[in-house]
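> output the structure for:
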Amino acid sequence: AVCGNTPVVNYSDSRTAEVICESASKMITFIDLAGHHKYLKTTIFGLTSYCPDFAMLVVSANTGIAGTTREHLGLAMALKVPFFIVISKVDLCTKATIDRTVKQLEMVLKQPGCNKVPLLVSSSDDAVTAAQQFAHSPR
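Next up is the predicted model:
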């Protein structure tokens with residue numbers, strides 16, 4: 001894959017992190033943490049020990065907000081880790097189900113304890129706008 005004029009390099013080429021860092025202008029690491037309550041300590045460890053720049057909270061469109069969703073959202077906020085939310089499984093749901101999940105998320109994000117400004121990203125232009133606002137606003 002190519003990002004702009006720069007080729008993307010990853011571990012699939014059997015390279016070490018050191019070799020990749022020598023030729024890279026930017027290093028991005030993804031860490032997949034558990035979403036189940038049973039593994040909450042592991043998730044807390046991951047968020048506190050790796051000092052991530054961002055957190056991505058994945059919410060299933062057909063399930064909506066679960067108890068662990070609220071816990072993980074609270075953890076990211078308590079640790080002051082900027083976060084964004086991705087709604088998955090939209091291909092398995094009706095538009096009404098997706099809309100219900102989006103409304104649930106908007107309500108939670110706007111509550112006084114959270115006080116965030118939700119921005120729905122549906123196009124590449126929306127993504128650019130969101131990225132610009134994300135970089136300039138803690139909300």
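
> mean confidence score for stretch 30-46?
Stretch 30-46 carries an average pLDDT of 80.

> between the two ends of it, how far is it?
11 Å (C-alpha to C-alpha, to the nearest Å).

> how about residues contacting it?
47, 50, 52, 58, 67, 68, 71, 72, 75 (C-beta atoms under 8 Å, 6 or more residues apart in numbering). Where you see a C-beta, it was placed from the backbone N, CA and C, and this is true even at glycine.

> so which of those is the closest to residue 130?
Using C-beta to C-beta, residue 58 comes nearest to residue 130 of these, at 16.5 Å.

> looking at the sheet around that closest one, what are its partners?
Beta bridges link residue 58 to residue 86, judged by DSSP bridges.

> rewinding a little: got a winner among the contacts of stretch 30-46 for most neighbours?
When neighbours are taken as other C-beta atoms under 10 Å, the top entry among the contacts of stretch 30-46 is residue 72 (24 neighbours).

> can you tell me the closest non-neighbouring residue to that residue?
The shortest distance from residue 72 to any non-neighbouring residue, by C-beta to C-beta, 6 or more residues apart in numbering, is to residue 57 (5.7 Å).

> so who does the one you found touch?
Taking C-beta under 8 Å, 6+ apart, one finds 69, 72, 73, 76, 83, 84, 85, 86 in contact with residue 57.

> in strands, which of these appear?
Among the contacts of residue 57, the residues falling in strands (DSSP state E) are 83, 84, 85, 86.

> would a markdown table of the residues you listed with distance to residue 130 and neighbour count be doable?
Output for the ones in strands among the contacts of residue 57, formatted as a markdown table (distance: C-beta to C-beta, whole Å; neighbours: other C-beta atoms under 10 Å):
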| residue | distance to residue 130 | neighbour count |
| --- | --- | --- |
| 83 | 12 | 17 |
| 84 | 8 | 14 |
| 85 | 11 | 19 |
| 86 | 12 | 10 |
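
> where does the most centrally placed residue in the chain sit, in terms of helix or strand?
With distances taken as C-alpha atoms, centre = their mean, residue 56 lies nearest the centre of the chain, 1.3 Å away. Assigned by DSSP states H and E, residue 56 belongs to strand 55-60.
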